[in-house]
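Q: Coordinates for the following, if possible.
(chains A and B)
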There are 2 protein chains.
Amino acid sequence: MTQNIYDDEVFFKNYADLPRSKYGHDGAPEWPVMLSLLPELQGKRVADLGCGYGWFCRYARDMGSSQILGLDVSQKMLEKAHQMGADGITYSRQDLETLLLPENSYDLVYSSLTLHYLENLQGVLKTILASLVSGGYFIFSAEHPIFTAPSSPDWTIDNSGRKSWPVNDYQLEGQRVSNWMAEGVIKQHRTLGTYIDLLVSAGFMVKRLVEWGPSAEQIATLPALDEEKERPMIFLMSCQKHDRY
Amino acid sequence: MTQNIYDDEVFFKNYADLPRSKYGHDGAPEWPVMLSLLPELQGKRVADLGCGYGWFCRYARDMGSSQILGLDVSQKMLEKAHQMGADGITYSRQDLETLLLPENSYDLVYSSLTLHYLENLQGVLKTILASLVSGGYFIFSAEHPIFTAPSSPDWTIDNSGRKSWPVNDYQLEGQRVSNWMAEGVIKQHRTLGTYIDLLVSAGFMVKRLVEWGPSAEQIATLPALDEEKERPMIFLMSCQKHDRY
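A: Predicted coordinates:
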């Protein structure tokens, strides 16, 4: 089983203070781009892998999705999701490493900032593909390998005051241990090439890749986002089940 | 017209000393990976964009390609290619910014380390797509955006001796001026997301992305390659003309 850091007391408490936890999509600066990737949701069957507090499940409900499944490994997350209103949504606890989904049952599988915790991505992608109808979408975000690669993932500032992100170990795929919001959070570093290879060999067509950075308007509103234009922290992808499957 | 740096005396002289110039594919460490991306060449019609000395054109000839076109903006490069033996190969001088190719005429369009010099990539990709038969391949390498992004593209070394590549300005696409082998070489920085967007919207399916790094065997043979595992300098892509086109 993947490390279930979200049920760690310290992590859960710190996570609760993040803008994206408190304000949902309004607190997630990549959301406008994610919106541009999403297909029409009205009447569609949707599964959200790593649903957390359920912000996306409730969004799909608001957009008229006919069937909504939210999966998460964290009991605390799912309790919070229930408290926020679960009408029309099925929440279920699952370790995504051993993901189980019914075949040929979803128009969209969605996942926000979750896949970089998973070791068995190949198996998970096969299950996602099988769960989609022909032409169905898999749309996800994950931490960017530029962000996950470095042995010392922190900004450096040179003599002229220029901020840089010190990339090394890019080709060394595998486990990274960070101390983000709690000690010893385990993530998996994978190159974009590996993500694309795994997706294509599972049977997906890659439609879009966005290496996310803030817009000028977002930086004007929230100056702390300025450094995010120096290197992408996350990427978003839109993939489609090949119509020959 | 794109800056034709290859006809600059200093650049051309320095370029002639590169292992990949002197030894062709044996001097290009990414060649084994490129080989793994290439389709069968026997009997196929091939165009090479930015053919340089013609190493790939001669390789295609050795593999039995039925028709081989090598294009380059540099007169000096094409003269050198002719000196090395042009039997069965058509070399032609073209500014790739305004690429002209006959429609529906090639099984493979190939390009090695050339696209990052072009401003009008969108137009070039449309011409390449139209020149391919249905199911035909476009396979290319280019400088990786991690490599082209930084304002100061050079390794940094921290107090512990750890080497890093200082990424910044990743989201700032457009011109970069480097002093690689000559003063004022102009390149275009594009994110991988932009490459994929341009390819997909032109009508290509992305088959493989390799963010190249050296193998352990290559490092053992040529220790200078060791730093290339810290960050990718180039990437390779295999794309296919969608069979619905």
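Q: State the three-state secondary structure for A:Asp107.
A: strand (DSSP: H, G, I helix; E, B strand; the rest coil).
Q: wait, A:Ala81
A: Going by three-state DSSP: A:Ala81 is helix.
Q: With A:Gly161 instead?
A: Under three-state DSSP, A:Gly161 comes out as coil.
Q: quick one, phi/psi of it?
A: The phi/psi pair for A:Gly161 (degrees, to the nearest 10) reads phi 90, psi 10.
Q: what are the ranges of the strands in chain A?
A: A:45-49, A:67-72, A:90-93, A:106-112, A:132-143, A:156-157, A:163-167, A:174-178, A:185-189, A:204-211, A:234-241 (DSSP state E).
Q: could you check the angle strand A:185-189 makes with the helix or strand bottoming out on mean pLDDT in chain A?
A: Ranked by mean pLDDT, DSSP states H and E, the helix or strand of chain A with the weakest confidence is helix A:9-16, at a mean of 85. Interaxial angle of helix A:9-16 relative to strand A:185-189 (axes from the mean of the first three to the mean of the last three Cα atoms, to 10 degrees): 70 degrees.
Q: pull the CA atoms of helix A:9-16 into CSV?
A: The C-alpha trace of helix A:9-16 is given here as CSV (Å, rounded to 0.1, in the frame of the first residue of the first chain):
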residue,chain,number,x,y,z
GLU,A,9,-2.3,14.1,11.9
VAL,A,10,0.3,16.7,11.2
PHE,A,11,-0.1,16.4,7.4
PHE,A,12,-3.9,16.5,7.5
LYS,A,13,-3.9,19.5,9.8
ASN,A,14,-1.4,21.4,7.6
TYR,A,15,-3.2,20.3,4.4
ALA,A,16,-6.4,21.8,5.8
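Q: Flag the shaky bits of chain A, pLDDT-wise.
A: For chain A, residues meeting the criterion pLDDT under 70 lie at A:1-2, A:244-245.
Q: Close to chain B: what parts of it are there?
A: By Cβ under 8 Å from any Cβ of the partner chain, the part of chain A that sits against chain B consists of A:146, A:149-152, A:156, A:158, A:162-172, A:191-193, A:196-197, A:200, A:205-211, A:213, A:229-232, A:235. Any C-beta I mention is one placed from the backbone N, CA and C, and that applies to glycine too.
Q: For ChimeraX, what selects the buried ones among the residues you listed?
A: This is how ChimeraX selects the buried members of those, with burial counted by 16 or more other Cβ atoms under 10 Å in any protein chain shown:
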select /A:146,149,150,156,164,165,166,167,168,169,170,171,191,192,193,196,197,200,205,206,207,208,209,210,211,213,229,230,231,232,235
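Q: Let me know whether A:Leu125 touches A:Leu198 as I believe.
A: Yes: the criterion here is Cβ atoms under 8 Å, and A:Leu125 meets it with A:Leu198 at 5.6 Å.
Q: Could you pull out the buried residues of the least confident helix or strand of chain A?
A: Using 16+ other Cβ under 10 Å as the burial criterion, the residues of helix A:9-16 that qualify are A:11-12, A:15.
Q: Identify all contacting residues around that helix.
A: Here helix A:9-16 makes contact (Cβ atoms under 8 Å, 6 or more residues apart in numbering or on different chains) with A:5-6, A:21-22, A:74, A:76, A:181-183, A:185.
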